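In: Got a predicted model here, sequence first, then my questions.
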Amino acid sequence: MTLEEIIIKGGVTIWPLLVLSIISVATILERIWFWLTVLLREKKLLKRIMDAANLNWDLVAKIAKEAKNHPLANFVYSPLQLSNPDPEVFHLALEAAADDELAKMRKGEKVLEAIIALSPLLGLLGTVWGLIKALGSIRISDLGTASTSGVTTGIGESLISTAVGLVVAIVSLSFYRLFQSFWASRVRIFRKTGSQLEVLYRQKWFEHEEMNLSEPSINLNSDMDQEKFSFNPKLSPNLDQE
């Protein structure tokens with residue numbers, strides 16, 4: 001059966017089903033492209049960030065800023081934009097960034113959920129409407145005669161809309177579950193990465209605090225001393241120029 005025959009025999013509900021199928025395909029293709037760009041770069045980017053966090057936080061900020069279109073980079077860069085945050089503020093900034101990025105990753109899910117719910121119902125509505133029309137033309141006196149042969153054909157045609165609705169719903173549901181699994185994996189990665197970054201940041205923070213306490217003769221009002229001994233994870237001017 002060709003697409004033209006499906007449209008002709010599908011009844012009135014075939015048109016909204018075709019619209020839903022187009023929206024579903026467009027959403028699925030957009031999400032596939034998004035997840036491909038995320039997954040192909042994620043492993044390398046994560047390794048660079050964690051290696052840099054053990055050496056220089058300025059370098060971490062530089063790497064994250066260069067890859068700012070990646071959710072993981074945005075998540076890491078958000079707290080590093082603050083000026084010398086204490087560990088608690090660093091933790092809160094990471095949490096806020098994680099919530100924001102994870103919410104963006106769920107773009108399109110509500111559309112697929114609506115299509116999954118509506119498609120079978122529209123298909124069923126088309127079938128019921130076709131059955132009403134087919135059975136409404138039957139007269140008692142025509143039972144068992146050749147005039148009722150067209151009724152079975154009408155009933156068969158009325159089931160086309162149900163089949164189309166189920167196909168649209170099944171395809172949408174399959175990709176919806178796939179995207180959800182990707183999202184759940186990113187939640188685990190964000191949680192693990194955030195915990196590791198917090199540990200490293202707290203360690204570096206307390207090291208600098210102890211160093212400042214052990215040097216009472218240092219003039220903290222001096223700009224040169226502040227630049228030398230304070231810990232600031234923001235980008236330095238030289239790195240920013242690079």
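Out: Yes, it's here. Numbers count the residues shown, from 1 in each chain.

In: Does R106 touch A184 like I think?
Out: No. When contacts are counted by C-beta atoms under 8 Å, R106 is not listed as touching A184 (10.9 Å). The C-beta positions use only the backbone N, C-alpha and C, and glycine is treated the same way.

In: which helix in this protein runs the most residues?
Out: Ordering each helix of the chain by length in residues (DSSP state H) puts helix 160-213 first.

In: Show the average pLDDT along stretch 37-51.
Out: Stretch 37-51 shows a mean pLDDT of 90.

In: can you pull the buried residues of that stretch?
Out: Buried residues in stretch 37-51, counted by 16 or more other C-beta atoms under 10 Å: 38, 42, 45-46, 48-49.

In: Can I get it in CSV, CA atoms only?
Out: The C-alpha coordinates for stretch 37-51 follow below in CSV (Å, rounded to 0.1, in the frame of the first residue of the first chain):
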residue,chain,number,x,y,z
THR,A,37,27.7,16.3,19.4
VAL,A,38,27.6,15.7,23.1
LEU,A,39,28.7,12.1,23.2
LEU,A,40,31.5,12.3,20.6
ARG,A,41,33.3,15.1,22.6
GLU,A,42,32.4,14.3,26.1
LYS,A,43,35.1,11.7,27.0
LYS,A,44,38.0,13.8,25.7
LEU,A,45,36.7,17.0,27.3
LEU,A,46,36.2,15.3,30.6
LYS,A,47,39.8,13.9,30.6
ARG,A,48,41.2,17.4,29.8
ILE,A,49,39.2,19.1,32.6
MET,A,50,40.2,16.5,35.2
ASP,A,51,43.9,16.6,34.3
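
In: Show me what that stretch is in contact with.
Out: Under the contact criterion C-beta atoms under 8 Å, 6 or more residues apart in numbering, stretch 37-51 has outside partners 60, 63-64, 67, 70-73, 76, 105, 182, 186, 189, 193, 196.

In: Pick out the residue nearest the middle of the chain.
Out: The residue lying closest to the centre of the chain (C-alpha atoms, centre = their mean) is M105, at 2.2 Å.

In: so what's that residue up against?
Out: Counted by C-beta under 8 Å, 6+ apart, M105 has contacts 38, 71, 182-183, 186.

In: Dump these to a markdown table, plus distance to R31.
Out: Putting these into a markdown table (distance: C-beta to C-beta, whole Å) gives the following:
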| residue | distance to R31 |
| --- | --- |
| V38 | 10 |
| P71 | 14 |
| F182 | 9 |
| W183 | 10 |
| R186 | 13 |
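
In: Which among those count as buried?
Out: Buried among these by 16+ other C-beta under 10 Å: 38, 71, 186.

In: Next, N84: secondary structure please.
Out: coil (DSSP: H, G, I helix; E, B strand; the rest coil).

In: List phi and psi for it.
Out: phi 50, psi 60 (degrees, to the nearest 10).

In: cool, and L159?
Out: phi -80, psi -10.

In: gap between it and A169?
Out: Relative to A169, L159 is positioned 15 Å away (C-beta to C-beta, to the nearest Å).

In: which one of the two has more residues nearby?
Out: A169 (24 against 16; other C-beta atoms under 10 Å).

In: Can you check the pLDDT for the nearest residue to the more buried one once chain neighbours are set aside?
Out: Nearest residue to A169, sequence neighbours excluded (C-beta to C-beta, 6 or more residues apart in numbering): S119, at 4.1 Å. Per-residue confidence at S119 stands at 94 (pLDDT).

In: In this structure, where is pLDDT below threshold?
Out: 1, 3-8, 10, 134-157, 208-242 (pLDDT under 70).
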